[in-house]
Every structure is written in structure tokens, then in C-alpha cells.
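Colleague: Please find the sequence and the predicted model below.
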Amino acid sequence: MPESNFAKFRVEVFYRKDDPRGSALKNRFIALGYSIDKVYLTDNYLLNIDVEETKIKEAAELLIQPVTQDFKINMPYNPDDFDYCIEIGYLPGVTDNVSNTVRESLEDFFKKKPDKERSVFCTTSYFFKGELNKKTIQSIGVELYNPLIQRIKILSKDEYISENGMGFLIPVVNISESDSVDRIDLNIDEESLMLLGKDGILNSDGTRRGPLALDMLSMNVIKDYFYNEEKRDPTDIELESIAQTWSEHCKHTIFASSIDDVTEGIYKTYIKDATTRIRKEKGYNDFCVSVFTDNSGGIIFDDNYIISDKVETHNSPSALDPFGGAITGIIGVNRDSIGFGLGAKPVANRYGFCFADPDNEAPIYRNKSHDSKLLSPRRIMEGVVSGVNAGGNTSGIPTPQGFIYFDDRFKGKPLVFVGTIGLIPRRVMGESSVVKRAKDGDCIIIAGGRVGRDGIHGATFSSEALSSGSPATAVQIGDPITQKKLSDALIKEARDAGLYNSITDNGAGGLSCSVAEMAKESGGFIVELENVPLKYNGLSTWQIWVSESQERMTLSVPENKKDEFIALMNKRGVEATVIGKFTSSGRGIVRYRGEEIFNLKLDFLHDGLPKRTLFTEEIVSSHESIEFNEPEDYNEVFHDMIARLNICSFEFISTQYDHEVQGNSVIKPIQGKGRVNSNVSVIRPLLDSWKGVVLSQGLYPSYSDIDTYWMAACSIDTAVRNAISAGASIEHLAILDNFCWCDSNNPTRLWQLKKAGKACYDIAVAYGTPFISGKDSMFNDFKGYDKDFNEIKISIPPTLLISSIGVMNDITKSVTIDFKFSNDLIYLIGLTKDETGGSEYNAYMGEKIRDSRFIGSNVPKVEPDLSKKVYKAMETAIDERLVASCISVERGGLAVALAKSSLAGMIGCEINLAEIKSSDILRDDILLFSESQGRFLVSINPENKDKFNSIFSTLPCSCIGSTKNGSSFEITLDGKKIINTDILNIEYHYKKKLRKY
Amino acid sequence: MAKPETLIIAGFGLNCEEETAFAFKTAGASEKIIHINDLIENKNILDQYKILVFPGGFSYGDDTGSGKALANRLNNNLNDEIRKFIERDTLILGICNGFQVLVNLGLLPLLDVDIKAQSALEYNGTFRYQCRWIDVMIEKDSPAIFTKGIERMHIPVAHGEGKFYAEDSILNRIESLSLVTMRYMKAGVRAELEFPYNPNGSINDIASICSPNGRIMGMMPHPERGMFFTQRDDWPLLKEIYLRDGSELPVYSDGLKIFNNAVDYFK
């Protein structure tokens, strides 16, 4: 092997006392059933720096905590007692943040720049002692590493000693793609053209470069364009670029296409037009500032500030590398804030995860080999949870709002929703902060991270179902510190100094999308591609152009501010490079070392995508009529319900996500002495203002099994209602949509989509809550094999996440879910109906009776006219400080809401179900667990009773009991106690399910 | 009254500088946020300041150990200036990541003339980031300026590496000089290592220590996140109590006192 693949020095850092990580790992593996006595770790630094060993020794001092740690140089650490050693490091080219930090420290110490590509590499070694053999240590290894991004080496103690440790091999990137440009002949037969569109450009060795995701319709339009207008063959970089720009991921082709009678498409007709109509109806009270056009949507916060919001999904990458996918997702959506207007400061993150049951261990495979096993739901959950932890916490952005939801149909593809709220002054340098103006002659500058092969084909990849062809290069790992430096330099300094005219994020499609997108403002661009800074050599030109390497922003900087801008960036440790100029030529041009390799009409690139017509096919979902008797033991049912995955505490996530940073937390993710997860948060983005921002979410995948119209309607109602429950005003509340669909080429799935779209329009317009931003992910299907290698397809249930964002005037009026005093009156507001279809209760009863969930048919429906009156009344009651606690009744119905408020306050209650005023006579279980929308459970000071009643005098409102001194929790009907338990029991059941995490 | 000039360090992943500056401003200081690179480029500006603050955050992403890489950067570039700074009648406060930096720099506990690391803030006992509200008792005998007159505080922590550790000989000196300024507590007494009251497993329930002259202090809890009434985790309950008593809602909370003490020192 060539010498250059080995490091000159290997520094191993170890603890002189117990390594705290060792005991944590030991416990984790014991919990997984391994027999382990002891775990030791070393952090290893493989250094290729041309200095004396004595100098390396001084440098190594920088890498240890001298009180607790020590190091060895070029001598393996040898703990007294171990059986096996596992070393894990990254594969070549994978982002390695620790190595970057170490390189910076060494540069500062030696006062000279070490080589960026091959000077520093980090690995971790785990020394295990226990009852282990070759097989068990290998399965431990599989737990510890992800083969898509990491490499592993396992040695027994004897081997470790005879081989003198783990060795000096380093993962240098060794690629040498040709930098010549290929011309692609499109005058080929239909089948070849189809293959080209589906699997990508043919390499000389017969392999293909990966999906372009262009169908025949598009391929033919491209063929015609080059034949008729350019009169030449396209280059590979042109074809790749068109594929990125036209991808489902970037163009949302399904939402844009004519569908049945909805000729202008779902997006225009149901989403955008809803917002247009609402804004018109609001007139002077319209609070929207920037909708749908920018990286985030923006609404007015106060006279001087705008608040922005964006929610993204990062599903496909998270299925492959949960940690990398999730961290890339969260810091990626942060850039949608940094790239909103002239740059909004991220002030809060939100999340939503849909997983399969973490106890579901049946393996599934991407292809017919054992190596292609998908990560287990537990691994995916743990990885995703810690990815958002690392991304959010490290960036100093609070993460107050989120949820988790479980359904085994998320086993093939989890859903990972991540969102970021931003704050930006309404005017910057005297001009509107949300108008971007890249000008003819401005420099195109990219700032932040360098370009590698990361995420190539990410945009086209997420437009395809996950199967064995999924490219590992789609996996990226975020680097929050590089981005933090970039973000601070831009938003805290360059923006307010007026150093740039426009800014956008590099996300899907990389430069090919960000430059072309921004060029719409000026009318054209010329890029000199060799100026793009690379992580390593050997990338081909098309890869540089479409790479999705993270932590980069593209800016339009006037020529006369260029030097000042670059100097400021460099001073903040941020790399910034001029790669070209914006023009007004109407064309996008890319040159590489003088040669023109890309020259397209911008109009064709942006608008050439052929309009498609989609047709739908109605399906009647199999509304099974289910019949089961009312349970005899309600105590058992009640305790089981609050222990269910979709209802129980997920405090382990809330407490590991910093929700206090920036000091803006008001209403928190965990509420009351009893520590219950709430479904709404309030932040105070400006510490010298009393105004607050209210955040919530709504999502009901299980309702899609009955009717996607009501699924969507309930998601909106819940997101709105939750926000109202904490003190938001429906007059200043906006929503965001994230459709995550499946198999979207299937006309029946499109029929479901259309129905959901219609509901979005109807309910949003009825409430006057405009959509301000959205994002969709249409192919959340897994095609592969089950444990016996039988073919399977797992599609997620059609899912719509609605996120709400509202502004409240006085944060001191916000309300939490916990009962506050004994002898307060408890009210149920809104109508309770026989609506258990798709409910958590039906799922539970089905699992109990026949081992698979019941669905039912009575899906909850929304009555927006009535609910709007209820919400406005609640707003008044909260504004007059009449409400001591308020919880929006959600999944699990009244019984779960009561359990949560009671446990949160550590205050018991006595409830009489007979007091619920309802239109029809109902079974007790339906009263308790129906998921009827539009309802709140509140407690009030008895002194406020009259005032409270008068506010709700014409609305459905029932006083159903009172809080009690002591911890007993009783629900009676007609004098009979049907639930009789206490707070401690409720706490035990509510918190037991995910306790081990 | 002159407002004490206060410098809050920023950059490289520190992230609490704005709210910390806001807290000092609210307490009456004249505050300024300065990027480390600007300070290194213009070292003498430290002479103009009376209070130096290392705020919370994730400097260098906690890579190679929290606070370590930033301490290296300061050591490599500002060693003499920081020595000069502490020789004057000045204050230094390190919060969370700032505390970790001070420990790695050897500015805490600063038992000897020779400045070197004598203690450590290790991974939490749970090996997990902990963001939660806790109670600390203030040690009356501690010489710390920042905690004068405070008995206890309800205040949030948010960290992955906050478990204080020192070898017995060092720990004994810290305790005998009363350099522990805050300890985690449960129901009015020491937490005795019980999670989550002691959120990280800190030895002797240590949440904060100071230098023997009391002018340098590091603390894991975040006073700037507990300076307002509405930042508290229990404020909605307290609000309801105040409302039923007919009393006004307070504006501030415990954390502000730390900043007030710093400003008052220069009165």
C-alpha cells in the first residue's frame, strides 16, 4: 500500500480513572442482553504532520483533559483487562467534525496550516471485557457503527497485542473522476432514453451514475430543446442540472400538475389560493409578509420584526443513516431561516418523528442479501433523536416543540420533520428585509463549507422509493459549528452592514439549484466552476455542480463590497469564495478552466418542465364495521391507554433538547410538577418585548385509513386548537403544510391526496389561518424483503403534518395544561360525538381483542364554524385571565386529557360523565376516548365561574367536575365509579413505556 | 453611578452571548459582545474592561472535550492578557461552557500561583444532555462576589458535561477554602448525588466554584435563562397563586441577582 495511506503519528487518549462513557455503554449493552463486565474507550488521533515527535507530544497535551486523561504516542493503549477491541472511524470523505476541530487547534499551536485532506483523522476504540466470542463481538460492532459512513476493525486481545494495536491506516479520499465533460447523445431508442432518465448517465464501464428521475415526457422535452434550440447534444452537467431542477423534490411536480378537474393543480388551487383569499378577506389585518416564494414563510411579529417559519422533511437519508440524516435535516432547515429574506436569526426549532414500534425487531432487507438489512426501528429512533439533539443543541437554537408518533408502517421509511422559526427586522439598511435583489454584475459568492461528494443525487433520490439502489453518497453528516460561524457572521454582522443583495441556502441540488434560483432575480449567471473550493480532489464537474455538501450559503455581493465581505467572513473563520457573476443575459453559463460546459436558457431550466395531467381513481376505504362490547374494567383500559406509545411521556427527548437557550422559553415542552409533555410551546423571541410566539402541530395518519379529507381537516383543527389552548389568537395565526405521501404515481393515492388538499382549503379559509410555507415528500415507500426474503412493500399511511405559528401580545397570559388548585371547576368545552374511527382507542381494543388494531368508520369531523366561535371565546377567557389550566383534547380523547392535566398538576379530580352535554346518548368508552375535535379541557377558579359561563353561554360547555385535595382520580357515571385510581398510578403508566430510553 | 464595562466573548460556537449581554445590561452594566478573533487581533482592549464573561454554548462543538479547544485558543493567544486582567480588580464569570473553559484554562479553582487545570467537568452521569430546572443552595462562606446575599436559586441547567471532578487533595483544598459557591439541592437540603436534583452526578453536589479571592466564578446553571419570572418552569402555577392573592406578577427572577452583584461590586 502506498505510504500516504498511513499516519505518521497515532495519539491515543484514555482516562486515567473510570471513563464515564464506558459505564454508560456497558449498561446499554447489558440492557440489550449482552454479558459485559467492563468497557474502556480511547479517542485516537491519526496525525500526518511533519514535525518532531517531541512537538507532537506538546500538541497531544492540547487534546487531553490533564486532570482525568492521559495519552500515548505511537504506542497502543493497553488496558489491563479486555477480550476484544473494536475501532470505529469514518469512511473516506465523510464529514468528521472532531478532526476539523483538532486540525484548527494544531494550526493555532504550530502556527502553520496542516493539509486539509490528509493531516488529521479521528477514530474511537472500544475495549470490551465480558463473556464474548467472535460472533457476539461482531453483533456489538454492528450496534456501534453504520457501514454506510463508518469503518470497523475488530481484534481479539491476542491479535491486538501481536499486531501492536490498531494500526496507522487513514481514510484518505482516493478518487480520480475524469474532469472532462461528456456529451450525451439523446438520439437513442425509447428504451435507452427511458433507462437514461431512470438510472442515469452511462459510464464507460457500463455502470450508471445514479437516478436522474426524469420520465419519458421530460426526456422528450429535453431532447427537443437541444435539437431545436441549442442544436447540439447536452453535456452531462446540463442533464444532471436539469434533473435536479425538475425533480419532484425541487419542483413539486405532483402538486403543480393538473389533477382531474383541478386544472391548476393542488398547490395553486387548494393551498396558495386559500392564502390569497384569506389575505384579501383580512384586508388591513393581513399579517402575511412573505409566503411560498422564499426559503421560509414570514408573518408580522410587531412593528419592527417579522417572524419566519419553515418545516422540512428528511425521511430518506434518515432511513439510511438516522443520526446523519437527522442532524443534516435540522441544520439544513436552520438555513431556511438564515436564507429567509436577507437572513433571519433562528430562534426556535421544532421536530416531529414517525417511527415503527422500537420493540419491533423483525428484520427487513433492501435486497436479497443479509448485508442489506435495514436498521431496526429502535436504532432509527435512537439515531434520529440524537441527530436533532446534536444539531439543535450545538447550534444554540432552542428546540421546545415536537412530537413522536408510532405506526409499524413507518418501518421502511421513518418520517423526520424538522422546522425552524426565525426572527428578522422588517427593514435592513432602510429597505424591506424580505425583498431580494441579486443584480446584474453582482459577484456570486459561496460561503461556509467546502464541496465533496456528499449528497450527490439527494434531490432525485428522495423522489424515488427506498430500495437497494439507494446511493450511499446521499448520506451526509451536518457540521453545526461550521454553520454556526457562518450564521453568526451573516446575520449578526454582514446583513446589517448591507454587504449583500441576496442570499439563499444550498440544499437539494446544491449550486445547480441555488445559483439558478437566485439568477431569476438578475436574469442570468456565469460560473467559473474551478473556483469552487473542494474538500478533496478528483470530483468531476457535474458532481461539483450538484453536490449537496452542507453548511453553504450562496450570496449575491456587489463588486464594491466583495473585498469587505470576504475579509469579514475570513475573520470569523468562514471561507468565502467568488465563483462567478450574476448577469442579465437570460442564460445560465458554467465554465471550467476556460471551457464552456453548460449554457442553457434560464427560462427552459426553470419553466421547461412539461405540465403533466394526473388522474385519480376513487377508492372506498374498507370501512369495517367493528363491534365490541364496552370494557368491563375501565381502570385497566384507562391505564393501558395512557401507557400507549402514541400517548405516553417522551420526556427523554424533551430534556435532551435544550429548550432554554436564548432565554426565550415561556411555555415549555414539559409542564407542571408532574412533568407531562404538552403539545404547544410559547417563546419570547425579544427579551425586551412582552409579545410571544405560539407553536404547535397536528398530525393524524391513522385517520387516512378512513378518509383523508377528515385526516387533513383534523390535523389543521388540532394545530390551531392547540395554539389557542396556550393563549394564541386565531386572528394572528398561520399554518404550514407538510404532505408525506406514498406511492404517488398510483391514482388512488392521488385521489386521497386531492381530498386532503380540498380539506386544507376549506378549513384554512373557514378559520382564516393562511398557509405560509410547505414542503412535500411523495414517495415514502419501501420495496424490499422480509425476514424470509419474500418480497414486501411497506407504504406509510398518507400523512399531513400541520404546524401552526401565532403571535400573542402578552406572554404573561399564556396558559399551561396542569391543574393548579384543588376545588377548581373542570369544564369540557366543545361537542363530544361518537367519533372513535381511526382513534387510539380503537387501535388499542383491536390489539387487545384480535391482535391487530381496529380502524372503524366514524372518523372525527371538524365543524369549523362552531369551532371558530369556541376558539374566539377561549381567547377571550384566557385574555381575561379566567383560565387556570387548559389542554386541547387530542389523541386518546377526554380521559387522556384529564390524566395529563391531573398528573401535570399533581392534583386529583372527580368527574361525572353524565354532565357532558351531548347531542346523542353514548357509551362510556366513547365519552372517554372519542377523539372529537374542537374541544378543550379547562380548570378555573370557582370565583370566575359566572364570568366564564357568560363567555360560553351560547356554546357547548359542560362543567364536568372539580379538582380535589389529594391524589385520587375518579370518573363516575350515574353514581357509579368507572375509573378509580390515583396520581402515582397514572404517573407510573404514563411514564413507563419509553423509560428505558 | 458608573456602569462597569463588561466584555462578553463570542465566536466559535459559543451561543449564549446575546442573552447574557442582555442580563448584564438589565443589571446596569455597560456591555459589549466581542468575537474572540477581534480580541486576539486587538489584545489591549481587555484593559478597558472590568468584567469578562465566558458565556454558555458549544465552543468547537465540544470536540475533544467541552471547553478544551477554546481554552487552547485562549492559551495560545491571550495568555498574558488574561493574567494581566486578573491581576487588576476585575471579575470573571463563566457560565456552562464558559465554566468548562475556565476550568480547562486553569483559572478555576486557581489554588496556586501557577495557572493550570486542577479540576474537570466530565460527562454527565446519565451520559446524556440534561436540560431541566433545578435548585441550588448558595454557600454563605464562599468568597464569591457574584453570589453575595443570595441563599438559593431556582435556575435551569442545560449541558452534557457538567460533572465536577477533582482529585481528593484538590477537592479538599477547594472545600476547606470554601470555594464551592453553589450545590445542587433537593427539598431544602443537599441533593446527595440524587438524579435529577443533582443533574450530572457532580462530586459533593458542586454546581459552581470560585477562585480564592472570589472574583472569578464558574457555574453550570444558566442565570441568564432564569432572570425573568416568565422564564421559570413553575411560573404558570405561581402566576395563578399571585392572581388569587390579588398581588402583582413579578418581572424578574433569581438569576438576575448574579448580574446585579457583579455590577454592585463596582459601585
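Modeller: Yep, that arrived.
Colleague: Now do the same for stretch A:512-528: mean pLDDT, whole number.
Modeller: Rounded to a whole number, the mean pLDDT of stretch A:512-528 is 94.
Colleague: Quick one: name the residues of the stretch 151-267 of chain B near chain A.
Modeller: Counting by C-beta under 8 Å from any C-beta of the partner chain, the stretch 151-267 of chain B comes close to chain A at B:156, B:158, B:160, B:163, B:165-167, B:222, B:224-225, B:227-228, B:230-231, B:233-234, B:236-237, B:239-241, B:243-244, B:249. Glycine gets a C-beta too; all of them are placed from N, C-alpha and C.
Colleague: Which members of those occur in helices, if any?
Modeller: B:236-237, B:239-241, B:243-244 (DSSP state H).
Colleague: Would you list the buried entries among those?
Modeller: Buried residues within these, counting neighbours by 16 or more other C-beta atoms under 10 Å in any protein chain shown: B:236-237, B:239-240, B:243.
Colleague: Tell me where chain B is predicted with low confidence.
Modeller: B:1 (pLDDT under 70).
Colleague: how about the helices in chain B?
Modeller: Counting by DSSP H, chain B has these helices, from start to end: B:17-27, B:36-41, B:68-87, B:97-105, B:168-176, B:235-245, B:256-264.
Colleague: Show me what the second one is packed against.
Modeller: When you say that, I think you mean helix B:36-41. helix A:562-571, strand B:5-10, helix B:68-87 (3 or more C-beta pairs under 8 Å, 6 or more residues apart in numbering or on different chains; DSSP states H and E).
Colleague: neighbouring contacts of that helix?
Modeller: A:571-573, B:7, B:9-12, B:45-46, B:70, B:73-74, B:77-78 (C-beta atoms under 8 Å, 6 or more residues apart in numbering or on different chains).
Colleague: And the residues you listed, which is closest to residue A:87?
Modeller: For the contacts of helix B:36-41, the closest approach to residue A:87 (C-beta to C-beta) belongs to residue B:70, at 28.1 Å.
Colleague: so how many other residues sit close to the closest one?
Modeller: 29 (other C-beta atoms under 10 Å in any protein chain shown).
Colleague: Next up, the contacts around it.
Modeller: B:12, B:14, B:36, B:59-60, B:97, B:101, B:104.
Colleague: Report pLDDT for the nearest residue to residue A:973 once chain neighbours are set aside.
Modeller: Counting by C-beta to C-beta, 6 or more residues apart in numbering or on different chains, residue A:973 lies nearest to residue A:913, which is 4.4 Å off, once chain neighbours are set aside. Residue A:913 is assigned 92 on the pLDDT scale.
Colleague: Helices of the stretch 751-900 of chain A, residue ranges please.
Modeller: Taking DSSP state H, counting those that start in this stretch as the test, the helices found in the stretch 751-900 of chain A are A:840-850, A:864-879, A:893-905.
Colleague: Do me a favour and get the backbone dihedrals for the residue of the stretch 1-150 of chain B found nearest chain A.
Modeller: Proximity of the stretch 1-150 of chain B to chain A (C-beta to the nearest C-beta) peaks at residue B:15, 2.5 Å away. With angles defined as degrees, to the nearest 10, residue B:15 sits at phi -140, psi 0.
Colleague: Neighbours of the residue lying closest to it once chain neighbours are set aside, how many?
Modeller: Take residue B:15 and drop its neighbours on the chain: the residue closest to it by C-beta to C-beta, 6+ apart is residue A:396, 2.5 Å away. Residue A:396: 25 surrounding residues under other C-beta under 10 Å.
Colleague: picking that back up, adding neighbour count, write the contacts of residue B:70 out as TSV.
Modeller: Output for those, formatted as TSV (neighbours: other C-beta atoms under 10 Å in any protein chain shown):
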residue	neighbour count
B:12	24
B:14	28
B:36	20
B:59	31
B:60	29
B:97	28
B:101	30
B:104	27
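Colleague: Which single one of those is nearest to residue A:106?
Modeller: residue B:60 (12.6 Å).
Colleague: Once you drop chain neighbours, what's closest to that closest one?
Modeller: residue B:69 (3.7 Å).
Colleague: need the contact list for that neighbour.
Modeller: A:101-102, A:104-105, B:12, B:59-60, B:63.
Colleague: swap in residue B:93?
Modeller: Neighbours of residue B:93 in contact, by C-beta under 8 Å, 6+ apart: B:51-54, B:146, B:216-219, B:258, B:262.
Colleague: Report the separation between residue A:247 and residue A:924.
Modeller: 52 Å (C-beta to C-beta, to the nearest Å).
Colleague: Between these two, point out the one with more neighbours.
Modeller: When residue A:247 and residue A:924 are compared for neighbours, residue A:247 comes out ahead with 27 against 18, by other C-beta under 10 Å.
Colleague: quick one: pLDDT of the more buried one?
Modeller: pLDDT at residue A:247 comes out at 81.
Colleague: what are the phi and psi angles of it?
Modeller: phi -60, psi 150.
Colleague: now residue A:948
Modeller: Here residue A:948 shows phi and psi, under degrees, to the nearest 10, equal to phi -60, psi -50.
Colleague: quick revisit: turn the helices and strands packed on helix B:36-41 into JSON lines, including distance to residue A:546.
Modeller: Shown next, in JSON lines, are the helices and strands packed on helix B:36-41 (distance: least, C-beta to C-beta, whole Å):
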{"stretch": "helix A:562-571", "distance to residue A:546": "24"}
{"stretch": "strand B:5-10", "distance to residue A:546": "35"}
{"stretch": "helix B:68-87", "distance to residue A:546": "33"}
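Colleague: Mean neighbour count, the ones you listed: which tops it?
Modeller: strand B:5-10 (a mean of 24; mean count of other C-beta atoms under 10 Å in any protein chain shown).
Colleague: Tell me which residues touch residue B:153, please.
Modeller: B:135-136, B:138, B:182, B:221, B:223, B:226, B:254-255, B:257.
Colleague: Going by neighbour count, which of those residues comes out on top?
Modeller: Within the contacts of residue B:153, neighbour counts (other C-beta under 10 Å) peak at residue B:221, which reaches 30 neighbours.
Colleague: Is it in contact with residue B:152, as I believe?
Modeller: No: using C-beta atoms under 8 Å, residue B:221 makes no contact with residue B:152, being 11.6 Å away.
Colleague: Can you pull the residues that touch both of the two?
Modeller: The contact lists of residue B:221 and residue B:152 share residue B:136, where a contact means C-beta under 8 Å, 6+ apart.
Colleague: in what helix or strand does residue A:387 lie?
Modeller: Using DSSP states H and E, the element containing residue A:387 is helix A:377-395.
Colleague: so how far is that helix from its chain's centroid?
Modeller: Here helix A:377-395 is found 10 Å from its chain centre; the criterion is C-alpha atoms, centre = their mean, to the nearest Å.
Colleague: Which elements pack onto that helix?
Modeller: On a contact count with 3+ C-beta pairs under 8 Å, 6+ apart, helix A:377-395 meets helix A:315-320, helix A:322-338, strand A:345-355, helix A:480-489.
Colleague: make it 7 Å
Modeller: Counting contacts by 3 or more C-beta pairs under 7 Å, 6 or more residues apart in numbering or on different chains; DSSP states H and E, helix A:377-395 is packed against helix A:322-338, strand A:345-355, helix A:480-489.
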